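Colleague: One predicted model, sequence on top.
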Amino acid sequence: MGRTVRELSESMDAAELLHWLVYHEIDPWTEDRADLRAGIVAAVVASANSKRTFKPSDFMPEFGPPQEQTDEDIRAIAIRANAMLGGTFKVDSNGNEHRNAQRQARGDR
């Protein structure tokens, strides 16, 4: 994005951050995608030069299974992210708002 994390946190509100997170879910731009592209190229080159047919996954690193997350885990991550980005409140599982979420995320009392 061409900006530091501080610049982004000063110019991006929670709604825009949510839009970027959703966009990333639809079209990820992470190293996983880069590994897939490299795997495709390697599989084509290897298959063209061999009697064997290769798959992109034959050339992709494996980092272990992804960890399952519950709705509560995802909600807790979102609440912490909100607080770390300067959010002023959080909502508990009962729908109650709690002020000073930023302090709670840092461990202040």
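Modeller: All right, it came through fine.
Colleague: per-residue confidence at the residue of the chain positioned farthest from its centre?
Modeller: Going by Cα atoms, centre = their mean, the residue of the chain most distant from its centre is residue 51, 39.1 Å out. Listed pLDDT for residue 51 reads 93.
Colleague: With the one 10 residues further on instead?
Modeller: With respect to pLDDT, residue 61 has a value of 88.
Colleague: distance of it from residue 32?
Modeller: Applying Cβ to Cβ, to the nearest Å, the value for residue 61 to residue 32 is 10 Å. Every residue, glycine included, has its C-beta placed from N, CA and C.
Colleague: For residue 13, give me its contacts.
Modeller: Contact analysis of residue 13 by Cβ atoms under 8 Å, 6 or more residues apart in numbering lists nothing.
Colleague: Leaving out the residues flanking it, which one is nearest to residue 55?
Modeller: residue 43 (5.8 Å; Cβ to Cβ, 6 or more residues apart in numbering).
Colleague: next structured bit after the strand or helix carrying that neighbour?
Modeller: Counting by DSSP states H and E, the element that carries residue 43 is helix 31-48. Using DSSP H and E, the helix or strand that directly follows helix 31-48 along the chain is helix 71-84.
Colleague: Now that next one: buried residues?
Modeller: By neighbour count on 16 or more other Cβ atoms under 10 Å, the buried set for helix 71-84 is 78, 79, 82, 83.
Colleague: my guess is the third one meets residue 18, correct?
Modeller: Right, the one you point to is residue 82. No. At 10.0 Å, residue 82 does not count as touching residue 18 under the criterion of Cβ atoms under 8 Å.
Colleague: pLDDT-wise, which helix or strand of the protein ranks last?
Modeller: The weakest-scoring helix or strand in the chain, judged by mean pLDDT, DSSP states H and E, is helix 101-106 (a mean of 54).
Colleague: Other residues contacting stretch 64-73?
Modeller: Contacts for stretch 64-73 (Cβ under 8 Å, 6+ apart): 77, 93.
Colleague: CA atoms only: put that stretch into CSV for me.
Modeller: This file holds the C-alpha atoms of stretch 64-73, laid out as CSV (Å, rounded to 0.1, in the frame of the first residue of the first chain):
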residue,chain,number,x,y,z
GLY,A,64,1.2,-27.9,8.5
PRO,A,65,-2.6,-27.9,8.7
PRO,A,66,-4.3,-24.6,9.3
GLN,A,67,-5.7,-24.1,12.7
GLU,A,68,-9.5,-24.2,13.1
GLN,A,69,-11.0,-21.0,14.5
THR,A,70,-14.3,-20.8,16.3
ASP,A,71,-16.6,-17.8,16.0
GLU,A,72,-15.5,-16.8,19.5
ASP,A,73,-11.9,-16.9,18.4
